[in-house]
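Trainee: turn this into a model:
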Amino acid sequence: MINRVRKSTVKTQIKRFETALSKGDVQAAGEQFRLVAQRLDKVSSTSTMHKRTAARKKSRLAKKLNTLRAKAG
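Mentor: Prediction:
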C-alpha cells in the first residue's frame, strides 16, 4: 500500500514535469526536474524502487530537459 502511494507521487511529479516541457517553459521545467529528481532519490532509498531504475528515469528526463534548453537557445 505504501509503495503504491510512493510510486503514484513519482508519476504525478513526472506528469507535472512533462507538462512544463510541453509548454516550453525552461524555468518551470528546470524546477520540476529538480523536484522529480528529489522525489526519485527519496523513493529509491527505500525498497519501493531500485536505485538504478530511479537513475534511469532521471537520466531520461534530464535528456528531455537538455533538449528543450538547446532549442530555447
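Trainee: against which helices or strands is whichever strand or helix holds K63 packed?
Mentor: If you go by DSSP states H and E, K63 is part of helix 51-72. If you count contacts as 3 or more CB pairs under 8 Å, 6 or more residues apart in numbering; DSSP states H and E, helix 51-72 packs onto helix 2-23, helix 26-44. Backbone N, C-alpha and C define where each C-beta goes, glycine included.
Trainee: in that helix, what's buried?
Mentor: Of the residues in helix 51-72, A54, K57, K58, L61, L65, L68 count as buried by neighbour count, 16 or more other CB atoms under 10 Å.
Trainee: any chance of those residues in a markdown table, plus pLDDT and distance to S47?
Mentor: Formatted as a markdown table, the buried residues of helix 51-72 follow (pLDDT from 0 to 100; distance: CB to CB, whole Å):
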| residue | pLDDT | distance to S47 |
| --- | --- | --- |
| A54 | 96 | 12 |
| K57 | 96 | 17 |
| K58 | 97 | 19 |
| L61 | 97 | 22 |
| L65 | 95 | 28 |
| L68 | 92 | 33 |
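Trainee: any chance of those residues in TSV, plus distance to K42?
Mentor: As requested, the buried residues of helix 51-72 are exported to TSV (distance: CB to CB, whole Å):
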residue	distance to K42
A54	9
K57	13
K58	12
L61	15
L65	20
L68	25
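Trainee: distance of the residue nearest in space to the middle of the chain from M49?
Mentor: The chain has V36 as the residue nearest its centroid, 3.5 Å off, counting by CA atoms, centre = their mean. Per CB to CB, to the nearest Å, V36 is found 13 Å from M49.
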